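> make a model of this:
(chains A, B and C)
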Amino acid sequence: MRDREVIAKDLLEWYDRHARTLPWRVPPGGGTADPYRVWLSEVMLQQTTVAAVKGYFLRFTALWPRVEDLAGAEDAEVMAEWAGLGYYARARNLLACARAVTARGGFPDTLEGLAALPGIGPYTSAAIAAIAFDRAETVVDGNVERVISRLFAIETPLPASRPQIRALAQSVTPATRPGDFAQAMMDLGATICTPRSPACAICPLNAPCKARTLGLAADLPRKAPKKPKPQRQGKVWIGLSQGRILLETRPAKGLLGGTLAFPSTGWDGSDQPPPAAADWQEIGTAQHVFTHFSLELRVLLGRLDSNPQRGELVPLAGFSPNALPGLMRKAWAIASDATAGLSDLHENRQA
DNA sequence: AATGCGTGGCC
DNA sequence: TGGCCAAGCAT
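Numbers count the residues shown, from 1 in each chain, chains lettered A, B, ... in the order given. Just a heads-up that it's a prediction; the model follows:
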């Protein structure tokens, strides 16, 4: 048996004993999983931790058990359920994908067919093809990049090393149980071959691992230096009027695209006046860190004198901060604290 | 090819 | 505590 085959065999034996139990997962050797659940979980897991995804996955599948159910949901409903998970383009693409899949009568079962759908790229198409359709596709995500970089002691920094990593990952992908192999690589990366202080002593691949042999495991993969994060500033207006609160749906593209939000300005490239005349008072500052900048958002609270020029007044009784993205939840929390004595806000807030 | 795009947890 | 990191995709 060749070295590369031994790697797959040893990893699958480890997975048979140590696979994590996850809501979207079929036990090792249990065959293929429901493509809808595989797809939904993989999209949610893009750049997102398992711990953060679990609750969202359970709520989505309870609300929409089949892809046809999700396809029939309203845009705003899906955005509200996604709120807090981040990377909101995923939610918009999720719905577009569900509708495309429903229109064509089910998920395509090939890499190329899957990759043509919105929100499904090289990683996700390979994951669905392998896990749901038992195709011998090679899945390359952040875990696989780390495991392969160490296994073969690749010292070229990411992202330049990607082509080499992909070729080596393909060379260890087995023809049988490709889905279990993909999930095994990810479990290994998540639990043993971790970014810092990898647990080489209990790793099923420690014998063939070149980085371990060279004492380099914790130093790989090397990465190109990151750019500094600029600091941005902005304002957000939380407007109240007769038991209603002023909200708007953000433009479909760009920062927090398509999410429900309080009107704001200055931090996202926009430069806007207050959305309405009101006794605006600055009550605090929300601190938030996005992928490529940090933000100080000054929170203004006011009672409207007249109808707003943008946004929509929504009854407080029908408003839940859970439908807002994280940044806007922080702004709301500041307003909520500042008005602890005001009945207007709190009689409807059963936190 | 490099950049834009969230959030929470970790040490 | 601030930087780093997590099952990437679109453009």
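
> please identify the helix or strand for residue A:285.
Following DSSP states H and E, one finds residue A:285 within strand A:281-289.

> can you name every helix or strand that that strand contacts?
Contacts defined by 3 or more Cβ pairs under 8 Å, 6 or more residues apart in numbering; DSSP states H and E place strand A:281-289 against strand A:294-303, helix A:326-338. No exception for glycine: its C-beta is placed from N, CA and C like everyone else's.

> quick one, which of those gets closest to DNA strand B.
Closest approach to DNA strand B among these is made by helix A:326-338 (3.0 Å; Cβ to the nearest atom of the strand).

> what's in contact with the closest one?
Contacts with helix A:326-338, where a contact means Cβ atoms under 8 Å, 6 or more residues apart in numbering, come from A:84, A:86, A:236, A:238, A:256, A:259-262, A:283-288, A:295, A:297, A:299, A:301, A:321-322, A:324, A:345-346, A:349.

> what's the ChimeraX line that selects buried ones from the residues you listed?
Buried members of those, defined by 16 or more other Cβ atoms under 10 Å, are picked up in ChimeraX with:
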select /A:84,86,236,238,256,259,260,261,262,283,284,285,286,288,295,297,299,301,321,324,345
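
> just the contacts of helix A:326-338 that are near DNA strand B?
A:84, A:86, A:256, A:288 (Cβ under 7 Å from any atom of the strand).

> of those, just say which sits nearest to residue A:33.
residue A:86 (24.6 Å; Cβ to Cβ).

> excluding chain neighbours, what is closest to the closest one?
Once flanking residues are discounted, residue A:86 sits nearest to residue A:48: 6.8 Å by Cβ to Cβ, 6 or more residues apart in numbering.

> how many residues are close by the one you found?
Neighbours of residue A:48 under the rule other Cβ atoms under 10 Å: 15.

> how about the one 3 residues further on?
Applying other Cβ under 10 Å, we find 7 other residues in the vicinity of residue A:51.

> is it true that it lies in a helix?
Yes. Checked against DSSP: H, G, I helix; E, B strand; the rest coil, residue A:51 lies within a helix.

> and the nearest residue to residue A:259 once chain neighbours are set aside, what does it touch?
The shortest distance from residue A:259 to any non-neighbouring residue, by Cβ to Cβ, 6+ apart, is to residue A:325 (4.8 Å). Applying Cβ under 8 Å, 6+ apart, one finds that residue A:325 lies in contact with A:83-84, A:86, A:88, A:256, A:259-261.

> ok, those residues vs residue A:144, which is closest?
Checking the contacts of residue A:325 against residue A:144 with Cβ to Cβ, the nearest one is residue A:86 at 22.2 Å.

> quick check on that closest one: phi, psi?
Phi and psi for residue A:86, reported as degrees, to the nearest 10, are phi 90, psi 170.

> hmm, back to that, what pairs with the strand holding residue A:285, and is each one parallel or antiparallel?
Taking DSSP bridges as the criterion, strand A:281-289 sits next to strand A:294-303 (antiparallel) in its sheet.

> and the partner strand, anywhere near DNA strand C?
No. Using Cβ under 7 Å from any atom of the strand, we find that strand A:294-303 stays clear of DNA strand C, coming within 7.6 Å at best.
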